[in-house]
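> heads up, no residue letters with this:
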């Protein structure tokens, strides 16, 4: 959403609320508020996957391609669910369950799947998507309390 679209939405919402307290926000406008642009995360997901697969080819880690695919799937599922969430409490529960799934996956891979570079990408995805919903600020590490990697 660009600034013009955002200002248009704010103007319409303000106008509607000032004119009639009984009218609701139209569905097409409500959909624009607090939505996540999944496309902006595709580059990060691709980078994450490439990093894990490249290391797999160069080193001899305890993970396989299916583990990398599972990691990407967990993050895509998080993006889908956080986008559909309707409250901060629901969003934080999604963050916690996602981190716990990633902890479990990483432990099954002898803690070699998620290294420093991967951690930075993953936390950025989780924090940014939640911030897009307005549940936290971009500077708030909402993953740290559950993260084991």
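Thanks, I have the structure now. Keep in mind that what you see is a predicted model, and the values were worked out from it rather than measured. Numbers count the residues shown, from 1 in each chain.

> how many residues are close by residue 47?
13 (other C-beta atoms under 10 Å). All C-beta atoms are positioned from the backbone trio N, CA, C, and that covers glycine.

> residue 120 is in contact with that one, correct?
No. Counting by C-beta atoms under 8 Å, residue 47 stays clear of residue 120, with 10.3 Å between them.

> got the domain boundaries for this protein?
Domains of the chain are assigned by automatic domain parsing as 1-33, 37-149.

> helices of the chain, start to end?
3-19, 27-32, 39-58, 65-84, 88-108, 116-132 (DSSP state H).

> out of those helices, which gets the lowest mean score?
Among the helices of the chain, helix 27-32 has the lowest mean pLDDT, at a mean of 43.

> could I get the helices of the chain as TSV with distance to residue 140?
Listed next are the helices of the chain as TSV, based on distance: least, C-beta to C-beta, whole Å:
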stretch	distance to residue 140
helix 3-19	22
helix 27-32	24
helix 39-58	18
helix 65-84	15
helix 88-108	11
helix 116-132	7
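
> what's the closest of those to residue 138?
helix 116-132 (4.7 Å; C-beta to C-beta).

> so which elements touch that closest one?
helix 39-58, helix 65-84, helix 88-108 (3 or more C-beta pairs under 8 Å, 6 or more residues apart in numbering; DSSP states H and E).

> of these, which approaches residue 115 most closely?
helix 39-58 (7.6 Å).

> contacts made by the closest one with the rest, please.
Helix 39-58 has contacts (C-beta atoms under 8 Å, 6 or more residues apart in numbering) with 61, 63-65, 68, 71-72, 75-76, 79, 113, 115, 117-118, 121-122, 124-125, 128-129.

> are any of those residues buried, and which?
Buried members of the contacts of helix 39-58, scored by 16 or more other C-beta atoms under 10 Å, are 61, 63, 68, 71, 75, 79, 113, 118, 121-122, 125, 128-129.

> with respect to residue 85, which of these is nearest?
Distances from residue 85 to these, taken by C-beta to C-beta, are shortest for residue 129, at 9.9 Å.
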